[in-house]
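# Sequence isn't available, so here's the structure alone:
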């Protein structure tokens, strides 16, 4: 067969190249954050597709990835094999949260770091008032498995707890050397709540590895554990989209790992790709009967399609035919119009509470971005008409991006980014929905100050996915705030039954605020706080209407110190104590007797 030649970065071959798989293009756009490297991979992928379309052998020439990185002075950290970016931020894209079902004070958070390609993990055993970094580095582990490989990007770090408090984690990396590049999804687990992780031996830590150029990859996974107490208790289910190749049929897959398995051992194509259409954003949950529920989107090459729902009652061996929940104008811009930032997408989210099933998603066109909720009260047999809740709650003039839903005790909490459509000033907001009445019972702005997406760019790397869980009235959520210019991940413990009572605490910032006491308080409340670089802090007390009823400044040192506040003159009621220092903030609710 004829060989096709690639000369450096100039594709000098004559003729018209075959189009790069749009799913690969989107995958690389999200996973590989350095634009030069992303272009290098896309150019090679385009030439690869051209060769395949002509039944020719693709033999690349020109610079290897190592030569390319050296030529363009894109440095690698030799210890962690990660990019040294030319911007200084803490990062916070795709933050994820998990709550230990045996202890709601045990919280684990991860996210994508913009400083390198690692997924920092933070663990709290006191409901977010203090955080300990995990000793596990996914990037170091990848370097152990593939010494000397170039780590070009990654994404989608997700968690799931089982009933025994064991923590499961999967994540994605794009890596390689020479002209060989791997899209890999990997699995690890922790028996100490996230402080350390075990890597399954014998290759069982590899969920799947495929060739980047052939789009042979798994993407956008989501996990949930069976907590039924039955013979299937502890079975881990994971949804992920597969675009076809050595793994098998393309579609939205559900992979399974039983407690007896070292790694994921089987999978089912829950929603196959049909007639040129594809699927994306599968999001699954397991109910108390062991039924697996999943929502996703079916769409054509332009991102136009429909939100669908499927379920399995036989441990993901088979799934029902897709039930159409709603039409979607554009779920994935695929290089088209991104009105907010480059990571706008439909981001389907699913929550299950008994017979109540909730699904949220974003839909967009060339001028608008809107968020929707549909729900079922009969176990998924039928769903309500979509509710455009952002418009209903806040009126026109806003984009509503990437809603996430969590549910318990008959109610659902929805969190999302609420964006001014002109200025792109953005707040993180929460709303509470009552399934029995089909109405929203309240909404509140959670973030302390607006993030300006007008000044956001791909390197800032925040403002996309968020995640939440709900236990009774408490909603535990995590999001990234970029208002400081250095994105900070925040943990929220919100009383959804009494919106206005909340704790908002930085996870990876410089400000630390321990639990205030006593609470309830009669006259004097004590705040223990610090700032890693030292700072003058503004301390405010707000009533539930947002009115500032107390204001003062205090100097915070680099070590935790106590600050006593006299609140004796406040009227009895519920208040929020807010500490702001160098544009970071922390909020706690308290009751004045």
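Here it is on my side, so go on. What you are looking at is a predicted structure, and each value in this text was computed from that prediction instead of being measured.
# Once you drop chain neighbours, what's closest to residue 246?
Computed as Cβ to Cβ, 6 or more residues apart in numbering, the closest residue to residue 246 that is not its neighbour in sequence is residue 216, at 5.9 Å. For glycine as for every other residue, the C-beta is placed from the backbone atoms N, C-alpha and C.
# measure that neighbour to residue 244 for me?
7 Å (Cβ to Cβ, to the nearest Å).
# Run a quick neighbour tally on the residue nearest to residue 246.
19 (other Cβ atoms under 10 Å).
# Identify the residues contacting it.
Applying Cβ atoms under 8 Å, 6 or more residues apart in numbering, we find residue 216 in contact with 183, 210, 243-247.
# Please, a PyMOL command that selects the buried ones among these?
Buried subset of the contacts of residue 216, written as a PyMOL selection, criterion 16 or more other Cβ atoms under 10 Å:
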select buried, resi 183+210+243+244+247
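# Which ones among the contacts of residue 216 map onto strands?
Among the contacts of residue 216, DSSP state E puts 183, 210 in strands.
# And the contacts of residue 216, which two are furthest apart?
The largest distance within these, taken as Cβ to Cβ, falls between 183 and 244 and amounts to 12.9 Å.
# where along this structure do the helices fall?
Taking DSSP state H as the criterion, the chain contains helices spanning 22-31, 35-53, 65-71, 138-145, 389-394.
# what about the last one, distance to the chain center?
The gap between where helix 389-394 is centred and where its chain is centred comes out at 23 Å by Cα atoms, centre = their mean, to the nearest Å.
# helices and strands around that helix, which ones?
Packing partners of helix 389-394 (3 or more Cβ pairs under 8 Å, 6 or more residues apart in numbering; DSSP states H and E): strand 369-376, strand 398-408, strand 411-420, strand 425-434, strand 439-445.
# Residue 26: which of those strands is closest?
Residue 26 lies closest, by Cβ to Cβ, to one member of the helices and strands packed on helix 389-394: strand 398-408, at 15.5 Å.
# and the closest one, what does it pack onto?
Strand 398-408 packs on strand 349-353, strand 356-364, strand 369-376, helix 389-394, strand 411-420, strand 467-471, strand 474-481, going by 3+ Cβ pairs under 8 Å, 6+ apart.
# 7 Å instead?
Using 3 or more Cβ pairs under 7 Å, 6 or more residues apart in numbering; DSSP states H and E, the elements in contact with strand 398-408 are strand 349-353, strand 356-364, strand 369-376, strand 411-420, strand 467-471.
# pLDDT (mean, whole number) over the third one?
So the one you mean is strand 369-376. In this model, strand 369-376 has an average pLDDT of 94.
# Counting by contacts, list what that strand packs against.
strand 323-328, strand 356-364, helix 389-394, strand 398-408.
# contact partners of the longest one?
If I follow you right, that is strand 398-408. In this structure, residues lying in contact with strand 398-408 by Cβ atoms under 7 Å, 6 or more residues apart in numbering are 339-340, 344, 347, 349, 351-353, 356, 358, 360, 362, 369-371, 390, 412-421, 464-472, 475.
# can you tell me which residues contact the spatially closest residue to residue 28 that is not a sequence neighbour?
Among residues not flanking residue 28 along the chain, residue 38 sits closest, at 5.2 Å (Cβ to Cβ, 6+ apart). Residues in contact with residue 38 (Cβ under 7 Å, 6+ apart) are 28-29, 32.
# now the contacts of residue 216 in TSV, with pLDDT and distance to residue 427?
Output for the contacts of residue 216, formatted as TSV (pLDDT from 0 to 100; distance: Cβ to Cβ, whole Å):
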residue	pLDDT	distance to residue 427
183	95	35
210	94	39
243	85	35
244	80	40
245	76	42
246	74	45
247	73	41
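# Let me see the domain layout of the chain.
3-63, 333-509, 524-592 (automatic domain parsing).
# any chance of those domains in a markdown table, plus distance to residue 295?
Listed next are those as a markdown table, based on distance: least, Cβ to Cβ, whole Å:
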| stretch | distance to residue 295 |
| --- | --- |
| domain 3-63 | 19 |
| domain 333-509 | 4 |
| domain 524-592 | 32 |
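# Packed most tightly, which of those would that be?
Of all the domains of the chain, domain 333-509 has the most neighbours on average by mean count of other Cβ atoms under 10 Å, namely a mean of 20.
# Need the mean per-residue confidence for stretch 188-199.
Taken as a whole, stretch 188-199 carries a mean pLDDT of 98.
# quick one: contacts of that stretch?
Residues outside stretch 188-199 that contact it (Cβ under 7 Å, 6+ apart): 100, 106, 108, 121, 123, 132, 134-136, 141, 165-169, 205.
# so which of these is the most crowded?
That'd be residue 121 among these, by other Cβ under 10 Å, with 27 neighbours.
# That residue - nearest residue in space that isn't next to it in sequence?
residue 134 (3.6 Å).
# Return the distance of that neighbour relative to residue 190.
8 Å.
# Can you pull out the low-pLDDT segments for the stretch 351-500 of the chain?
448-464, 482-486, 499-500 (pLDDT under 70).
# and of the contacts of residue 216, the nearest to residue 21?
Nearest to residue 21 out of the contacts of residue 216 is residue 243 (Cβ to Cβ; 6.8 Å).
# so residue 325 touches residue 383, yeah?
Yes. In this structure, residue 325 is within contact of residue 383 by Cβ atoms under 7 Å, at 5.2 Å.
# which residues does residue 171 bridge with?
Note on residue 171: beta-bridge partners by DSSP bridges are residue 186.
# burial measure for it, as a count.
Neighbours around residue 171, by other Cβ under 10 Å: 27.
# Kindly provide the distance from it to residue 184.
Residue 171 sits 9 Å away from residue 184, going by Cβ to Cβ.
# what's the answer for residue 258, then?
From residue 258 to residue 184 the distance is 23 Å (Cβ to Cβ).
# Please give me every residue in contact with the residue most central in space within the chain.
Among the residues of the chain, the one closest to the centroid is residue 94, at 3.2 Å (Cα atoms, centre = their mean). For residue 94, the contacting residues are 111-112, 155-157, 464-465, by Cβ under 7 Å, 6+ apart.
# so which of the residues you listed comes closest to residue 50?
Closest to residue 50, out of all of the contacts of residue 94 and judged by Cβ to Cβ, is residue 155, at 27.4 Å.
# hang on, that closest one packs against residue 110?
No. If you go by Cβ under 7 Å, residue 155 and residue 110 don't touch, sitting 11.4 Å apart.
# Among those two, which residue is more densely surrounded?
residue 110 (28 against 22).
# From residue 171, how far off is the more buried one?
Look at residue 110 and residue 171: by Cβ to Cβ, they are 8 Å apart.
# between the two, what contacts are shared?
The contact sets of residue 110 and residue 171 overlap at 119, 157 (Cβ under 7 Å, 6+ apart).
# any low-confidence regions in the stretch 51-200 of the chain?
The stretch 51-200 of the chain contains residues with pLDDT under 70 at 75-92, 114-116.
# OK, contacts around the nearest residue to residue 126 once chain neighbours are set aside?
Closest residue to residue 126 in three dimensions, ignoring its sequence neighbours and counting by Cβ to Cβ, 6+ apart: residue 105, at 5.8 Å. By Cβ under 7 Å, 6+ apart, residue 105 lies in contact with 125-127.
# give me that answer again for 10 Å
Applying Cβ atoms under 10 Å, 6 or more residues apart in numbering to residue 105 gives the contacts 99, 124-129, 493.
# Max pairwise distance over the residues you listed: which two?
99 and 129 (14.9 Å).
# still on that earlier bit, quickly list what's touching both of residue 183 and residue 244.
Listed contacts common to residue 183 and residue 244 are 210, 214-217; contacts here mean Cβ under 10 Å, 6+ apart.
# between the residues you listed, which is nearest residue 528?
Closest to residue 528 out of the shared contacts of residue 183 and residue 244 is residue 217 (46.8 Å), distances taken as Cβ to Cβ.
# quick one: contacts for that closest one?
21, 23-24, 27, 31, 172, 174, 182-185, 208-211, 240-245, 247.
# try 8 Å this time
24, 27, 183, 208, 210, 242-243, 245.
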